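Participant: Build the 3D model from these lines:
(one chain, ligands or ions: 1)
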Amino acid sequence: MKENIIINDDCVKYLSKTLKKDLQIDLSFLDPPFNQGKDYRINDDDIPEEEYWAFMKRVCKLIYNRTSDGGSIYFMQREKNTSHVMKVLEDTGWTYQNLIIWKKKTSAVPQNNKFGLHYQIIVFATKGDKPRVFNKLRINPPRLVTEKYERPNGMYVTDIWDDIRELTSGYFAGEEALRQENGERFHKQQSPISLLLRIILSSSNIGDLIFDPFAGTGTTLVVAKQLSRKYIGVEIDPKNVDEIKNRLTNLRGSDNIEKYRKDYLFTENLNKIWNPKNAQIDN
Ligand SMILES: C[S@@+](CC[C@H](N)C(=O)[O-])C[C@H]1O[C@@H](n2cnc3c(N)ncnc32)[C@H](O)[C@@H]1O
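Facilitator: You can find the predicted model right below:
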């Protein structure tokens, strides 16, 4: 099998040596370790900054070379690294489209001598000037006090995403967080299902190939599978890979995307990009 797989490898090695020549990636999501000294089991998360960004550049270039014309990349990072991300993408050939502000629904991280940190950035870029696919999603967030009238058919998603909750620490991470037997979270950086749902629905069609070089707990793959996209994930930690395989085989209720369908009902081509018949719930 060439696709719909999770590979236990280093993503640079996989992209340069193993990825089959006849496969083209349509959409990539990058949520790398942020090089902030986190306690990952395999990779060193505290390397010299130059080395770190050279590595990111390598990954972005390799992905670019294997992406279809008009294909997309979403690169997530801490806000303080925005200029690095922009530069890496530009230097490797990608065309900038949006700087998405993912404003956390949780409280800000307090700081001493500057404003508290309340968002993470996601840079959306494409191979070539225009995306081959861009589905204009419509959502229907609660009316603001400053808005006089109810919206009859929702509103288009903008570059500020403030309706997606991150999986914070401890109990507040909720049911979606994968947990170990002692109740601790399995992976501290697990992305929310609803974040990947928005990205994959916006920038791919059914049958497209979705790629995640830093798969972690496999959130990208779990969403791609439910949306009938093809997927390839690469993850360096074998323990994570086992967890991803399990997550993909036994879909948990908390991973099921169907509960979010109501949020996108005003999207004109929703049935074309999200086939409800593909949903499967195992618990
Ligand atoms: C921030 S986490 C990704 C979390 C993911 N978005 C999720 O929803 O679970 C980054 C992951 O990259 C993995 N990783 C680090 N270096 C890697 C490399 N060179 N190749 C592949 N995976 C790597 C780490 O083990 C970690 O699980």
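Participant: Residues of the stretch 1-150 of the chain that sit close to the ligand?
Facilitator: Contacts of the stretch 1-150 of the chain with the ligand, taken as CB under 6 Å from any ligand atom, map to D10, C11, D31, P32, P33, Y40, I42, N43. Backbone N, C-alpha and C define where each C-beta goes, glycine included.
Participant: Of the residues you listed, which is the nearest to K61?
Facilitator: Proximity of those to K61 was ranked by CB to CB; the top entry is C11 with 12.2 Å.
Participant: and the closest residue to the closest one other than its chain neighbours, how many neighbours does it have?
Facilitator: Once flanking residues are discounted, C11 sits nearest to P213: 3.5 Å by CB to CB, 6 or more residues apart in numbering. Other residues near P213 number 27, with proximity taken as other CB atoms under 10 Å.
Participant: tell me the contacts of N4?
Facilitator: Counting by CB atoms under 8 Å, 6 or more residues apart in numbering, N4 touches K225, K230, Y231, I232.
Participant: Among those residues, which lie within helices?
Facilitator: K225 (DSSP state H).
Participant: how far away is the residue nearest to C11 from the ligand?
Facilitator: Computed as CB to the nearest ligand atom, to the nearest Å, the P213 to the ligand distance reads 6 Å.
Participant: What separation do you get for that residue and K105?
Facilitator: Using CB to CB, to the nearest Å, we find P213 at a distance of 27 Å from K105.
Participant: quick one: stretch 175-191 near the ligand?
Facilitator: Yes - interface with the ligand: stretch 175-191 contributes H187, Q189, Q190, S191 (CB under 6 Å from any ligand atom).
Participant: Just the CA coordinates for the top strand by length along the chain, please, in CSV.
Facilitator: The residue-count maximum for a strand in the chain (DSSP state E) belongs to strand 67-78. What follows is strand 67-78, C-alpha atoms only, in CSV (Å, rounded to 0.1, in the frame of the first residue of the first chain):
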residue,chain,number,x,y,z
THR,A,67,3.3,18.6,-4.3
SER,A,68,0.9,18.9,-7.2
ASP,A,69,0.5,22.2,-9.0
GLY,A,70,-1.8,24.4,-6.9
GLY,A,71,-1.3,22.2,-3.9
SER,A,72,-1.4,23.7,-0.4
ILE,A,73,0.7,23.8,2.8
TYR,A,74,-0.4,24.9,6.3
PHE,A,75,2.6,25.5,8.6
MET,A,76,1.7,26.1,12.3
GLN,A,77,4.1,27.8,14.7
ARG,A,78,4.4,30.0,17.7
